[in-house]
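Asks: below are the sequence and a predicted model for it; my questions follow.
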Amino acid sequence: MELTAANDRLKAHAFSLSDQIIEQRAELQDMRTIAEQLEGVNTQASQELQIAHSVANLADMRLREAVETITDGFAVFDSDQKLVLANQAYFSVFDGFPEVTQGIGYNRILEICAYEGLVDLQGTAPGEWVQRMLDRWHKPQITPLEMHFVNGISVRLMDRRVPNGDYVSLVRNITRSLKYQAQLIEAQTQAEAAAQAKSAFLANMSHEIRTPMNGVVGMADLLTETKLDSEQRIYAETIRNSGQALVTIINDILDFSKMDAGKMDLYPENFDLEKTIHEVLTLLAPAARGKSIELILDYDIFLPRHFKADPGRVRQVLTNLIGNAVKFTETGYVLVRAVGVNKSDDAQLVHITVEDTGIGIAPEYSDHVFSEFQQVEDATNRRFEGTGLGLAISKRIIELMGGTIWLESEPGIGSCFGCSLNLQIAVSVDANHSFPPPLPPRLQQVLLISDHLISRSILERHFQSARVRTLTATQSIPALRLLGQQTVDLVLIDQDLSSDDAAQIARLIEKEAPGCPSIMMCSAMAEHSNLAATGVIRHALPKPLLWRDVALSICAALADSQTDTPAPALPEQPDNFRHGDHTRLKVLYAEDNATNRLVFSKMVQGLDLELHFAVNGREAVEKFVEIVPDIIFMDVSMPEMDGREATQHIRAFTNGKTVPIIALTAHALQEETAKMLSAGMNATLAKPLRKAELIDALSRHSPAPRALQTDRTNTGLSCSESTGSNS
Ligand code: ADP
């Protein structure tokens, strides 16, 4: 039993052992499987590692090759500022310095540059330079820096700190671009010199062309005033107009070339804006009259008149805009409006618009017309003369003055060019002539006979602000009816009535209301000289109207009617150009060109003057001492001594301090004119001389200014003293 029990235990043990063996075998088998699996994974991992290795190697190689292909120096430093990597271009600067290799510190590289004389330190001590370069790397933003090596290479250092603390340094070779830049500067200097030479050439040429043109235009102008048959008149007027057109073209080209060279300067001075606009309109009135275009000025009643700006340039822009409006309009009107927009203490934003009823401009051309040499019509179908420069020049002038210019237009309806300028308000220099006189209190009601709605409403507005009532009529019958029904203190008749003859109306009014003063608003003054001669009209006003002239004329007409005698011709006749003590006014004209002297003498022929000539500045000074003239006209450029120097000499004499000296200058030489004014000239007159302007200057600047009358006053037609240039 014991043996059996022992045998059972052994058996059981053997079974348990055998179970254990089976279990362990199974585990072993599992382990083997796992080992086999792991081996597979391991092989894959090592294969992947190998692949990754070769990819990394390839990337590294690519990076190095890429870095090597850069012709600029490239280097990477770690956060301890030790060199990690650099390309050959970087190292090449340090040929002969083997220590410059991977691992070298940035400070050591700088020391080699400074102490071994590689870099041009431009006078800085090496230690200081190194320190400055190291400090640069510590700034939050490392700014680029130019560096010049003594071997002639120039570089631009561009360093960046990357987020992991490394530094990347790019050293751009700028040797060639610096050379190129130097060449460009040299070329620019040469181009500027050439542009300056071109400007000087153009200024000289235009002066040279202008001198004979003065003869052509001046003589043709005088010729048109002589007795001519109709064919001769056409020839003379053509010569004058073509000459004037040529002068305009020369001026345009010159201005344009000046602007191109950035040489257009402004010469601000006090001027009367309303009068300037009116003068331009007056100058263009003959052209408008030829086409029966009504020229109208609407100057805001509340807008100041005196501003500080360059009046010559303002006039140039206005001449271009109004001239274009007249040129491109066949019938209707040209209306110039000046309104104040914003006003500060000493400045006023002024909008000036020039509106016409002409051919208009299609929208696709509205920007195009402000560019140089751009016209709506092309050369093949041009009906109108012009260079295509006027608007481009006007735009640049307005922009130079800080303003803007614009266009609104509809083809077939008309155009409206506008410009806005912020102008400094100035005080009037000549208050007496600048403001309209107050209307006499006895003027309570005016009858206005005009069929032009805009002109009428502008006059109505002025009368309204003067608290004068207006009655309006567009034809004779209603006008006469009104005269019969109401008390009228004054009648204003528009010469250009479409359905009635204005002269006939004037006759009927004289009959209906004898003694009632009337004023004719005339576009053709000459025609009305004849009517005046027959006693039909006593008072006439030239159109376009300037309100202050209207007011003056009304005062004269009312004063005249009160005395109930025929209107006296204004006291001064053209040949009464005398000053205080009734001796003849002594005029000295210094001019080297014989034709110009002749033109001048012919222009002042009708005036009772004592005229003296000098052919250069030196002679002008001698003549001044000899004859002591009352007024001097001085050409700017003359041989031996120019006008400026002559003026300075004359001003040095005690009796030469106040004598009025008027410079005669080509428009081209405006800068020169500014110098002339600073040299003591009182005013300038542009060549070619126009008779009206010359006489205006004489009236204005003679020691005892007198209103200079044109021939129409001889007819008994009393004209109020016009402040316009055609007075
Ligand atoms: P120009 O008058 O000498 O040709 P501008 O520069 O003054 O040169 O004008 C450019 C062009 O703009 C003109 O040729 C014309 O086609 C157009 N233009 C200018 N003003 C007017 C206008 N008031 N009405 C119609 N077209 C105009």
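Replies: Received, thanks.

Asks: so, low pLDDT: which residues of the stretch 451-600 of the chain?
Replies: Along the stretch 451-600 of the chain, the model assigns pLDDT under 70 to residues 525-534, 562-582.

Asks: ranges for the strands of it?
Replies: 469-473, 490-494, 518-522, 539-542, 585-590 (DSSP state E, counting those that start in this stretch).

Asks: using the three-state scheme, assign residue 352.
Replies: Three-state call for residue 352 (DSSP: H, G, I helix; E, B strand; the rest coil): strand.

Asks: count the neighbours of it for me.
Replies: 23 (other C-beta atoms under 10 Å). For every residue, glycine as well, the C-beta is placed using N, CA and C.

Asks: same thing with residue 59?
Replies: For residue 59, the count of nearby residues is 10 (other C-beta under 10 Å).

Asks: for the remainder of this discussion, apply numbering that starts at 23.
Replies: Taking 23 as the first residue, the last one we looked at is residue 81.

Asks: so who does it touch?
Replies: Contacts for residue 81 (C-beta atoms under 8 Å, 6 or more residues apart in numbering) come out as none.

Asks: for the residue in the chain positioned nearest to the ligand, which non-adjacent residue is spatially closest?
Replies: Per C-beta to the nearest ligand atom, the residue of the chain with the smallest distance to the ligand is residue 408, at 2.4 Å. Nearest non-adjacent residue to residue 408, counting by C-beta to C-beta, 6 or more residues apart in numbering: residue 397, 6.5 Å away.

Asks: and that neighbour, how many neighbours does it have?
Replies: Neighbour count of residue 397, defined by other C-beta under 10 Å: 16.

Asks: what does residue 101 give?
Replies: Neighbours of residue 101 (other C-beta under 10 Å): 11.

Asks: quick check: the nearest residue to it once chain neighbours are set aside vs residue 86, distance?
Replies: Distance criterion C-beta to C-beta, 6+ apart; nearest residue to residue 101, sequence neighbours excluded, is residue 187 at 3.2 Å. To residue 86, residue 187 is 22 Å away according to C-beta to C-beta, to the nearest Å.

Asks: now residue 468
Replies: For residue 468, the distance to residue 86 - C-beta to C-beta - is 98 Å.

Asks: which one's more surrounded, the two?
Replies: It is residue 468, of residue 468 and residue 86, that has more neighbours when counted by other C-beta under 10 Å, with 22 against 12.

Asks: ok, that one touching residue 515?
Replies: No - Residue 468 is beyond contact range of residue 515, at 11.2 Å (criterion: C-beta atoms under 8 Å).

Asks: tell me the contacts of residue 433?
Replies: For residue 433, the contact set (C-beta under 8 Å, 6+ apart) comprises 381-384.

Asks: oh sorry, the question was meant for residue 146
Replies: Applying C-beta under 8 Å, 6+ apart, we find residue 146 in contact with residue 154.

Asks: same check, this time on residue 124
Replies: By C-beta under 8 Å, 6+ apart, the neighbours of residue 124 are 105-108.

Asks: 7 Å instead?
Replies: Taking C-beta atoms under 7 Å, 6 or more residues apart in numbering as the criterion, residue 124 is in contact with 105-106.

Asks: so for it, what's the pLDDT?
Replies: Looking at residue 124, its pLDDT stands at 92.

Asks: ditto for the one 10 residues further on
Replies: Taken from the predicted model, the pLDDT recorded for residue 134 is 94.

Asks: that one: which element?
Replies: When elements are assigned from DSSP states H and E, residue 134 belongs to helix 128-137.

Asks: so which bits of this protein are right by the ligand?
Replies: By C-beta under 6 Å from any ligand atom, the residues of the chain that approach the ligand are 342, 346-347, 350, 378, 380-383, 391, 397-399, 408-414, 437.

Asks: how about 8 Å then?
Replies: Residues of the chain found near the ligand (C-beta under 8 Å from any ligand atom) are 274, 342-343, 345-347, 349-351, 376, 378, 380-383, 387, 391-392, 396-399, 406-416, 431, 436-437, 439.

Asks: out of those, which are buried?
Replies: 274, 342-343, 345-347, 349-351, 376, 378, 380-383, 387, 391-392, 397-398, 408-416, 431, 436-437, 439 (16 or more other C-beta atoms under 10 Å).

Asks: and for residue 445, the neighbour number?
Replies: 25.

Asks: and for residue 725?
Replies: By other C-beta under 10 Å, 12 other residues sit near residue 725.

Asks: that one is in contact with residue 651, isn't it?
Replies: No - counting by C-beta atoms under 7 Å, residue 725 sits too far from residue 651 to count as a contact (10.3 Å).

Asks: related to what we said a few turns ago, and the contacts of residue 433, which is closest to residue 63?
Replies: The closest of the contacts of residue 433 to residue 63 turns out to be residue 384 (C-beta to C-beta; 81.5 Å).

Asks: and the closest one, what does it touch?
Replies: By C-beta under 7 Å, 6+ apart, the contact set of residue 384 is residue 433.

Asks: pLDDT score assigned to it?
Replies: 91.

Asks: cool, the one 4 residues further on as well?
Replies: Here the pLDDT value assigned to residue 388 is 85.

Asks: measure it to residue 394 for me?
Replies: With C-beta to C-beta as the criterion, residue 388 and residue 394 are 16 Å apart.

Asks: residues contacting stretch 523-535, please?
Replies: Contacts for stretch 523-535 (C-beta under 7 Å, 6+ apart): 471, 498, 501-502, 505-506, 510, 513, 515-517, 538, 540, 542, 553, 558-559.

Asks: restricted to buried residues, select these in PyMOL.
Replies: Entered in PyMOL, the line below selects the buried ones among the contacts of stretch 523-535, by 16+ other C-beta under 10 Å:
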select buried, resi 471+498+501+502+505+510+513+515+516+517+538+540+542+553+558+559
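
Asks: the residue nearest to residue 101: neighbour count?
Replies: By other C-beta under 10 Å, neighbour count at residue 187 equals 11.

Asks: what about the closest residue to residue 577 other than its chain neighbours, how many residues close to it?
Replies: Spatial nearest neighbour of residue 577, chain neighbours left out: residue 459 (5.6 Å); criterion: C-beta to C-beta, 6+ apart. Residue 459: 12 surrounding residues under other C-beta under 10 Å.

Asks: thought the residue nearest to residue 408 was touching residue 411?
Replies: No - shown here, residue 397 and residue 411 do not form a contact pair, counting by C-beta under 7 Å, at 9.9 Å.

Asks: please identify the buried residues of the following helix or strand past the helix holding residue 134?
Replies: Going down the chain from helix 128-137, the next helix or strand is helix 148-160, by DSSP H and E. Buried residues in helix 148-160, counted by 16+ other C-beta under 10 Å: 148, 151-152, 155, 159.

Asks: turn those residues into a markdown table, columns for pLDDT.
Replies: What follows is these, written out as a markdown table (pLDDT from 0 to 100):
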| residue | pLDDT |
| --- | --- |
| 148 | 94 |
| 151 | 95 |
| 152 | 95 |
| 155 | 94 |
| 159 | 90 |
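
Asks: for the residues you listed, which one is nearest residue 26?
Replies: residue 159 (96.2 Å).

Asks: now do the contacts for that closest one.
Replies: Counted by C-beta under 7 Å, 6+ apart, residue 159 has contacts 181, 189.

Asks: worst-scoring helix or strand of this structure, pLDDT-wise?
Replies: Within the chain, judged by mean pLDDT, DSSP states H and E, the helix or strand with the poorest mean is strand 740-741; its value is a mean of 33.

Asks: now residue 477. Nearest residue, chain neighbours left out?
Replies: In this structure, residue 477 finds its nearest non-sequential neighbour in residue 318, 5.3 Å apart by C-beta to C-beta, 6+ apart.
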